[in-house]
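> pasting the sequence and the predicted model now:
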Amino acid sequence: MQYGMIIDLERCVGCHACTIACKAEWEVPVEFGRNWVYRIGPALVGEEMASTYYPGLCNHCSEPVCVEECPADTIEMTFTDVKTGKTEVLEVAATWKDPFDGTVQIDKSRCIGCGACVDACPYNARYINPNQTDDVSEDGKADKCTYCKPRIDSGMEPACVQTCITGARIFGDLDDPGSEVSQYVKKGAKGIEPEGGELGPNSRYYGKKKDMALLFNTHTPELADMHQVRRRAMLASMVKPAIKTIKNIGLLGVAGAIIAKHSAGQDTQE
Amino acid sequence: MAFNLTRRKFLQSASLAAVALPLSKAIASESGVTRSPFEAKGSSGDKTVTGGICEMCFWRCQLVGKTRNDRLVKLEGNPKSIDNGTSLCARGNAGIKLLYDPDRLKYPLKNVGKRGAPKWKRISWDEALDECGKKLNMIKDKYGPQGISVFPHGSTAKYPMHFFERTVGTPNISEASFFQCRGIRDTAYLATIGIPPGEKVDMPNAKVIFLLGGHFGENVHVSHIKSYMKGLQNGAKLIVVDPRYSASAAKSDIWVKIKPGTDTAFLLSIMQYLIEKGKYAVDFIDEYGDGFEEFAEGIKGWTLDKAAKECDIPAKQIKEVADMLADNAPNVSIHPGRHVSWYGNDFQRQRSLACLTGILGAFYVKGGWVPAKGPKVGKISWKHKEHEEEHNLNVNSDDELYHPYTPPGTPTELIRDAALTGKPYPIKGCVIWGQNPIQTIPDQEKMKQVLKQMDFVMCVDVMPTDVTMWADILLPEVSYLERYDLIKTGTQWDFSEKHQQYISARMPIVPPLFERKDQVYITNEIARRMGYQEDIPVKTIEELVEKNLKVAGLSIEQLKKEDGIHIREGKDPYTMPEDFEIIFYNEDIEDSGFPGIPTYIPVEQPPEGFARLLYGRVPVHTFNRSQNNVWLNAAMPTNPVWLNDALAKKMGLKDGDEVGFINQDGIKSRTTTTVKTTPGIRKDCVYMGHGYGSANPLMSVGVGAGVDDTSLITKITIDPETGCNGMRNNFIKFTKDGKTIDIPTAV
């Protein structure tokens, strides 16, 4: 199974109901979003006037670049197929791709808030939620669209799909050839693949030719510079567990943590 | 990407701590950290409270609340609704940010400073109500009831409006929804088909949808958008007439990039062409038409070529539109529009739209104009008392109406002019209830002068707005989520489905906080203090709802049992009423001195260096009422000005440049916004979203966000038949870094 979402641009009217419903459902801070709607145009596509929207969200990629970059300690995690009850054990860091439903998820309790996954995602689908802090991660935790996993696991629709006033958001299993989302893929729904990437985005777009051209011409991203991302992740992973350990022992505060890991203090500038 | 978060902040705070505190204290300050809940719970486990009706706009979607520990955490469409279903728009979803807005009015306030520069003192309800009752009575005694003016808006304003109009007896009521919005549409259709048209076009079953200025997507009312989209998905062709490539134009088959103000010429030429070619509903007009021959004769001059020149569009496009309509008649939705207070020639345009619908035979047919047959409920309110007629400002010395096709109330400018001149009588009291006349009515300075000369101004609202700064007494009202209120009725929106009716009453989702009160309490208490206790129609708002529901055989208790919505069998909406007629040539209009045949009246064009200011809706705001909503503000924090890209190049402006404006009267915008350059707008106009740029510092989110388009609309145009305002006859230039930039529209 691979959950996916279709955005039908012929139906989308750009009203933002989806983004606000998501904010309410998941207590997303005002200045961030797990999803977004950008208006594009009016602009000329060839000779034709066009204007459309980029209603974006996590693509729950088939080959997610974010997952591999997580520097948190790995654990063995048991996954359960909600439908069959079948289980599978995988070794995962604080973010992973679910082997049964194909969604990409985050374990907030183990996220160290380093932002490597945020930087790795070419779609800017992740952000650090400053409201979700603990002593491992006082700047917050990585947050993003989960395809409303808690809701879909209990048989509900994602909040954005439920509120969409025109039925422009369609959710379902892309591996099921009979599903509505698969029908859209057959009709030509496409994910936005970054330049030179092969991520296999599973949030996909369908629309008039000129509108699709406008969307893809203006919003095809580049892959992140992975050297940067990894350097950051490595440094963060060096500092964070140390802070945690020391705090747990209760001997030193933040200052002490920095002293303890003075080598990490070298790289503080942008 | 910048490596900027964690560690730099760590170091900063660490070094500060190290300098300022001994290590032991630093440790203490770091200990006892409680873990925040990492993952939001989601609303699926929360308690569902039914019975809500949205009022983030006037469409009134039925909703449910999700509450957690008595706090509302989310709003959703009521799954039982046959109107909006589980959907809410962005504004509906953001309702909780109005409910819990920390800037909301909490207590009765008295202005101990000046009007316009208030200093607020918290007072008790008794003191506030005493003051309102005393001052309004003083005005009534000295100047008569007509000395009190009322500016109402929204469902809470109806009850107090009826009190002042029917019981106290002032005719001086200015409803924004009529005089600055849809009043012209309603009276123009009344004068043509005898019924105000609403937005009652059967779009789901239409073969063509025709929008004149309608910009759905930017303008959002849930079930209306649903029916529009259903129509498009069912294969309807879409014709959009708009100087701008609007959200609807982007979905259109034909975009008519019309010159602003010339719409009537366009409509007349379509009709003239169809009549000339015999491509009109001959039998339908034979049966239901009145004055058709005079009409056909009267519009003969409007050839395609003549209109093409006037409207600055190709003649062949007008022909294409006309043919598309005729080929698909009668199943065409000629949308009557809603906000139609445009150019001061609007009554004639709205009459033309009604006539075009008639020419196509598109009344009471699939896809045409079809009023749903909804259920009846009670309309209990204040009783009409006998009042003298002579104080109607709309009557001239010959006992004729200045504006014979005025919507209910008195035209705004007649009220304002009387207030400013004291003639024919003084207007010294002002009751503002849910309306923000400063950001609604043209010429803000005039409005301020009107308010300044009053003996007493009271405002009732949920939020501070630009006009509440001018109140002497400011009363906090409960929001739509905290009160019983209106009864919403209707039918399913797709008439091809089983006919159903629904009745739903607004019921509180959460109890009110602070000292906020509802309209029945406030009005009754003022009425009591003015000596009208004998006339009070209901003691509480609950009683009002209960009595109105009883007419439909329902009760609040029953509605609660039915999850807030009562659904019953409906009626076929397509049956034509026996007395239906379409008055093409209207002799009465002519007798009162206006064209009885729909007539194009040209409007003033922008002077050199200026472009016409057009405004419209953004999907996240309702007028200026939602400016301070923190989620909606974040979604669209400002209102970029649309500028034709070729002009922008000539003017040296690029996307994102920060600009201000100056209008033809030398009035400057208080704030700035960004430029949006696009080929999708004509060169003789610029466009911006309405509902921005509040001047009230008590709106900590909305104040100064974007530009207040109304502040630039200072030239007053009056639609003569109706007395309503035309608001698109103002012209602006840009300002940047202290310099004025001409708009070379001739490029």
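Yep, that arrived. Numbers count the residues shown, from 1 in each chain, chains lettered A, B, ... in the order given.

> the one helix or strand residue A:79 maps to - contacts with which helices or strands?
Using DSSP states H and E, residue A:79 sits in strand A:75-80. Here strand A:75-80 touches strand A:87-92, going by 3 or more C-beta pairs under 8 Å, 6 or more residues apart in numbering or on different chains; DSSP states H and E. To be clear about C-beta, it is placed using only N, CA and C from the backbone, and glycine gets the same treatment.

> ok, the strand it packs on: who's next to it in the sheet?
strand A:75-80 (antiparallel) (DSSP bridges).

> and the contacts of the partner strand?
By C-beta atoms under 8 Å, 6 or more residues apart in numbering or on different chains, the residues outside strand A:75-80 that reach it are A:86-92, A:96, A:98-100, A:107, A:110.

> try stretch B:579-590
Stretch B:579-590 is contacted by residues B:191-194, B:285, B:288-292, B:294-296, B:298, B:351, B:354-355, B:358, B:363-364, B:404-405, B:595-597, B:721 when judged by C-beta under 8 Å, 6+ apart.

> which of the contacts of strand A:75-80 are buried? Put it as a PyMOL command.
Selection of the buried residues among the contacts of strand A:75-80 in PyMOL, burial being defined by 16 or more other C-beta atoms under 10 Å in any protein chain shown:
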select buried, chain A and resi 92+96+98+100+107+110
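
> got the contacts of strand A:75-80 as a markdown table, with pLDDT and distance to residue B:309 columns?
Shown next, in a markdown table, are the contacts of strand A:75-80 (pLDDT from 0 to 100; distance: C-beta to C-beta, whole Å):
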| residue | pLDDT | distance to residue B:309 |
| --- | --- | --- |
| A:86 | 94 | 73 |
| A:87 | 95 | 75 |
| A:88 | 95 | 73 |
| A:89 | 96 | 77 |
| A:90 | 96 | 72 |
| A:91 | 96 | 75 |
| A:92 | 96 | 70 |
| A:96 | 97 | 66 |
| A:98 | 97 | 64 |
| A:99 | 96 | 68 |
| A:100 | 96 | 66 |
| A:107 | 93 | 68 |
| A:110 | 91 | 71 |
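
> circling back to that earlier point, could you flag which of the contacts of stretch B:579-590 are buried?
With burial judged by 16+ other C-beta under 10 Å, the buried subset of those is B:191-193, B:285, B:288-292, B:294-296, B:298, B:351, B:354-355, B:358, B:363-364, B:404-405, B:595-597, B:721.

> now do the same for whichever residue of the stretch 101-250 of chain A sits closest to chain B: its pLDDT.
Relative to chain B, the nearest point of the stretch 101-250 of chain A is residue A:108 (3.2 Å; C-beta to the nearest C-beta). Note on residue A:108: pLDDT of 92.

> re earlier: can you flag which of the contacts of stretch B:579-590 belong to helices?
B:191-193, B:285, B:288, B:292, B:294-296, B:298, B:351, B:354-355, B:358 (DSSP state H).

> secondary structure class for the residue of the stretch 101-250 of chain A closest to chain B?
The three-state label given to residue A:108 by DSSP: H, G, I helix; E, B strand; the rest coil is coil.

> check which helix or strand the residue lying closest to residue B:604 once chain neighbours are set aside maps to.
Among residues not flanking residue B:604 along the chain, residue B:729 sits closest, at 5.9 Å (C-beta to C-beta, 6 or more residues apart in numbering or on different chains). Using DSSP H and E, residue B:729 sits in no helix or strand.

> what is the burial count for residue B:729?
Look at residue B:729: counted by other C-beta atoms under 10 Å in any protein chain shown, it has 24 neighbours.

> now do the same for it: its pLDDT.
Per-residue confidence at residue B:729 stands at 98 (pLDDT).

> could you do residue B:747 as well?
62.

> with adjacent residues omitted, what lies nearest to residue A:137?
Residue A:137 sits nearest to residue A:113 (C-beta to C-beta, 6+ apart), 3.1 Å away.

> same question for residue A:224.
Nearest residue to residue A:224, sequence neighbours excluded (C-beta to C-beta, 6+ apart): residue A:120, at 5.2 Å.

> cool, residue B:289 as well?
Counting by C-beta to C-beta, 6+ apart, the residue nearest residue B:289 is residue B:582, at 5.3 Å.

> and that neighbour, what are its phi and psi?
Phi and psi for residue B:582, reported as degrees, to the nearest 10, are phi -110, psi 120.

> re earlier: list the contacts of the residue of the stretch 101-250 of chain A closest to chain B.
Residue A:108 sits next to A:132, A:141, A:143, B:38, B:39 when contact means C-beta under 8 Å, 6+ apart.

> and with 6 Å instead?
Residue A:108 sits next to A:141, B:38, B:39 when contact means C-beta atoms under 6 Å, 6 or more residues apart in numbering or on different chains.

> quick one: buried ones out of those residues?
A:141, B:38, B:39.

> now those in CSV, with secondary structure and pLDDT?
Below are the buried ones among the contacts of residue A:108 laid out as CSV (DSSP: H, G, I helix; E, B strand; the rest coil; pLDDT from 0 to 100):
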residue, secondary structure, pLDDT
A:141, strand, 95
B:38, coil, 76
B:39, coil, 80
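
> residue B:268 belongs to a strand?
No. Counting by three-state DSSP, one finds residue B:268 to be helix, located in no strand.

> residues in contact with it?
Going by C-beta under 6 Å, 6+ apart, residue B:268 touches B:299, B:302, B:600.

> what sits closest to it if chain neighbours are left out?
The shortest distance from residue B:268 to any non-neighbouring residue, by C-beta to C-beta, 6+ apart, is to residue B:302 (4.1 Å).
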